[in-house]
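# model this:
(2 chains)
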Amino acid sequence: MADYDAIVVGAGLAGSTAAYCMAKAGLSVLVLERGDAAGTKNVTGGRLYAHSLEKIIPGFANEAPVERKVVRERISMLTDESCFTMDFGSSRFKDPASASYTVLRAEFDAWLAGKAEEAGCDVVCPAVADDLLRVDGKVAGIIAGDDELTGEVVLLADGVNSLLAQKAGLKKELSPHHVAVGAKEIVELSPGVINDRFNLNDGEGLAHLFAGAPSQGMVGGGFLYTNKSTLCVGLVVTVSEMAESAARLPDMLEAFRESSPVKPYLAGGKIIEYSAHLVPEGGINMTPILSADNLLVLGDAAGFCLNLGYTVRGMDYAIGSGALAAETVVEAKEKGDFSNAALGSYKTRLEDSFVLKDMNTHRRAPDFIEHTPRMFKEYPELVENIFADMFMVSGPSKLMVKKALPHVFKAGLLNLAKDGFRGSRAL
Amino acid sequence: MNVEQKLSANKFVVDEGHPHIVIHQEKMDAATAKALTVVCPAGLYTLDDKGRIIFEVAGCLECGTCRVACAHMPGAMEWNHPRPSFGVQYRCG
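This next block holds a predicted model:
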């Protein structure tokens, strides 16, 4: 007889959601978290799309420590000299079904783990799950230090590096083409200053992505999100590109945050934290084996993350996969069968849900983004040249079309058509 | 501001004598050693004038980028999580 029905490794969003849902269904659940508290080893690059947690804990944002509701989206193309920005604000972003929030993981994950604990889970931290416990070759629990803990099923929600999924043979070594490294600063400012600088009301937030100069032409980009009394400013670059870079990542982040489109936002702010994390960006191409006898893989450990350039999502998929893993385990418990014959339905559930449907819809996106370097260099330059000619006056004028066309030809009509077509099928 | 100054804002508990990352440079080519110096977001890898890696484990943000950057060089790096209570403790995240 096992100590627990389920052992969850990792009290991030996937793990705590799964634990919460299983405990609500009456299962005995142990959660192991390697940080001193849930969230203390986690980093977000941005914002939480609320829809998936909203289904599990309706109205969660009223009690959870969210930072700001995002009502303004900006995307900029940067060159060394210029910045072209699209700015979209809408009260439609306030609809709870499609709302998104900026969050800070140390607080938010602690809250969600607390919900799991309230529902009856044992949450133990700090505890590092060193290996899977096997009895007669079969997964029977977790080895953590000198302790052996037994469970009918183990849920691996141990994050993008998931050493355990690799040890279990479910996941290959991460490819540098499939993960990006993100580094970010948390900059403290007063809520009023943030409201003024970004044209926001109390509680309202902004998400701003930057392409081009920040990643120095490599696949990646900069970001800036508003929290209550801090800003997140950071940079993400695919590891395979970064490995060939002449500049160091921390120096590139410094150049970005000191660049003229960004620096004024941060002026007078104090850096209160500097963090980094890997981001799974391989999409469906990096999906591991999702289940085995007595084992499931969820969240970042399963690579459930999607970067389309204009939206970056991972936390809603983590929560979605956590809920579906819980459903699977609850059904397995009813059947008294935790073999892969029963747990294999996890993959079907994911395929029938937004998690793998989205990964499939955008299956071409990672390849498109990686193999269209023009998006990170030539196209921001094209935009700069067109708009500089449009707005700069230094003598006689020309027809707009005569100003723009040479720049378009320089970038290449065929390139634009080809990238436009491929992009429309990928993003 | 340089990265060392930024790192000083963080809370770290260093596990003296038990580094969670151990490097075996003899199993790594020069290009990979060079890559480590640019990919690490904390700038913890440098090369001395003979091309030997100097690595400072205190300040590690536990992202795993170095692990991925030398994954194609089997045995070049042992990468584990720090033991419980050690390493970086994010207060914001």
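# Helix, strand, or coil at A:Leu155?
Under DSSP: H, G, I helix; E, B strand; the rest coil, the three-state class of A:Leu155 is strand.
# Beta-bridge partners for it, please?
Bridge pairing for A:Leu155 (DSSP bridges) gives the partners A:Val8, A:Leu296.
# which residues sit in contact with it?
A:6-9, A:15, A:18, A:295-298, A:325, A:329 (C-beta atoms under 8 Å, 6 or more residues apart in numbering or on different chains). All C-beta atoms are positioned from the backbone trio N, CA, C, and that covers glycine.
# so how far is A:Asn195 from it?
A:Leu155 sits 41 Å away from A:Asn195 when distances are taken as C-beta to C-beta, to the nearest Å.
# ok, the contacts of A:Leu155 vs chain B, which is closest?
Proximity of the contacts of A:Leu155 to chain B was ranked by C-beta to the nearest C-beta; the top entry is A:Val9 with 11.0 Å.
# Enumerate every residue touching residue 38.
By default, I'm working from chain A. Contacts of A:Ala38 were listed using C-beta under 8 Å, 6+ apart, and they are A:11-12, A:16, A:109-110, A:112-114, A:123, A:125.
# my bad, the chain I had in mind was chain B
A:242-243, A:245-249.
# Mind checking which of those residues are buried?
Those of the contacts of B:Val38 that meet the buried threshold are A:242-243, A:245, A:248-249, by 16 or more other C-beta atoms under 10 Å in any protein chain shown.
# residues near A:Arg425, how many?
By other C-beta atoms under 10 Å in any protein chain shown, 10 other residues sit near A:Arg425.
# Surely it and A:Arg364 touch.
Yes - counting by C-beta atoms under 8 Å, A:Arg425 sits close enough to A:Arg364 to count as a contact (5.9 Å).
# Following the chain onward from the lengthiest helix in chain B, which element is next?
Once chain B is assigned using DSSP state H, the helix that runs over the most residues is helix B:30-39. Tracing the chain C-terminally past helix B:30-39 and defining elements by DSSP states H and E, one meets strand B:45-47 next.
# what about that following strand, average pLDDT?
Averaged across strand B:45-47, pLDDT comes to 98.
# Identify the residue nearest residue 82 in space, chain neighbours excluded?
Defaulting to chain A. Once its chain neighbours are removed from consideration, A:Ser82 has its nearest residue in A:Glu384; the separation is 4.1 Å (C-beta to C-beta, 6 or more residues apart in numbering or on different chains).
# that's the other chain; I wanted chain B
Computed as C-beta to C-beta, 6+ apart, the closest residue to B:Pro82 that is not its neighbour in sequence is B:His20, at 4.4 Å.
# Contact partners for that neighbour?
The contact partners of B:His20, taken as C-beta under 8 Å, 6+ apart, are B:57, B:60, B:62, B:79-83, B:86-87.
# okay if I get those as CSV plus neighbour count?
Output for these, formatted as CSV (neighbours: other C-beta atoms under 10 Å in any protein chain shown):
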residue, neighbour count
B:Val57, 18
B:Cys60, 23
B:Glu62, 24
B:Trp79, 18
B:Asn80, 15
B:His81, 21
B:Pro82, 23
B:Arg83, 16
B:Phe86, 19
B:Gly87, 25
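# List just the nearest of those residues to chain A.
The closest of these, once distances to chain A are taken by C-beta to the nearest C-beta, is B:His81, at 5.3 Å.
# Please verify my assumption that the closest one contacts A:Arg34.
Yes - the pair B:His81 / A:Arg34 is scored as a contact, 5.5 Å apart, by C-beta under 8 Å.
# returning to that earlier point: I'd like the buried ones among the contacts of B:Val38 written out as JSON lines, with distance to chain B, secondary structure and pLDDT added.
Formatted as JSON lines, these follow (distance: C-beta to the nearest C-beta, whole Å; DSSP: H, G, I helix; E, B strand; the rest coil; pLDDT from 0 to 100):
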{"residue": "A:Met242", "distance to chain B": "5", "secondary structure": "helix", "pLDDT": "97"}
{"residue": "A:Ala243", "distance to chain B": "4", "secondary structure": "coil", "pLDDT": "97"}
{"residue": "A:Ser245", "distance to chain B": "5", "secondary structure": "coil", "pLDDT": "97"}
{"residue": "A:Arg248", "distance to chain B": "5", "secondary structure": "coil", "pLDDT": "98"}
{"residue": "A:Leu249", "distance to chain B": "5", "secondary structure": "helix", "pLDDT": "98"}
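# need the helices for the stretch 1-150 of chain A, in chain order.
A:13-24, A:51-56, A:105-118 (DSSP state H, counting those that start in this stretch).
# ok, and does the longest one reach over to chain B?
When you say that, I think you mean helix A:105-118. Yes - applying C-beta under 8 Å from any C-beta of the partner chain, one finds that helix A:105-118 is in contact with chain B at A:105-107, A:109.
# State which helix of chain A is the longest.
Longest helix in chain A, counting by DSSP H: helix A:315-335.
# and that helix, anywhere near chain B?
No - using C-beta under 8 Å from any C-beta, helix A:315-335 stays clear of chain B, with a minimum separation of 11.9 Å.
# immediately after that helix, which helix or strand?
Remark: after helix A:315-335, the chain's next helix or strand is helix A:340-343, criterion DSSP H and E.
# That following helix - contacts with which helices or strands?
Taking 3 or more C-beta pairs under 8 Å, 6 or more residues apart in numbering or on different chains; DSSP states H and E as the contact definition, the neighbouring helices and strands of helix A:340-343 are strand A:291-292, helix A:315-335.
# right, and these - which one's nearest A:Gly309?
Closest to A:Gly309 of the helices and strands packed on helix A:340-343, according to C-beta to C-beta: helix A:315-335, at 17.1 Å.
# tell me the angle that closest one makes with helix A:13-24.
30 degrees (axes from the mean of the first three to the mean of the last three C-alpha atoms, to 10 degrees).
# avg pLDDT for helix A:315-335?
If you average the pLDDT over helix A:315-335, you get 98.
# ok, now which ones touch B:Val3?
Shown in contact with B:Val3 (C-beta under 8 Å, 6+ apart): A:250-251, A:254, A:274, B:41-43.
# can we see that at 6 Å?
Taking C-beta atoms under 6 Å, 6 or more residues apart in numbering or on different chains, we find B:Val3 in contact with A:250, B:43.
# Can you report phi and psi for it?
With angles defined as degrees, to the nearest 10, B:Val3 sits at phi -70, psi -30.
# do A:Ile271 as well
In terms of degrees, to the nearest 10, the main-chain angles of A:Ile271 are phi -70, psi 120.
# quick one: it from B:Cys92, how far?
11 Å.
# Kindly report the same for A:Glu241.
Computed with C-beta to C-beta, the distance linking A:Glu241 and B:Cys92 is 27 Å.
# And A:Cys232, by the same measure?
With distances defined as C-beta to C-beta, the gap from A:Cys232 to B:Cys92 amounts to 8 Å.
# Comparing the two, which shows the higher neighbour count?
The neighbour comparison of A:Cys232 against B:Cys92 (other C-beta under 10 Å) goes to A:Cys232, with 27 against 22.
# I'd say the more buried one and A:Tyr225 touch.
Yes - here A:Cys232 lies in contact with A:Tyr225, judged by C-beta atoms under 6 Å, at a distance of 4.5 Å.
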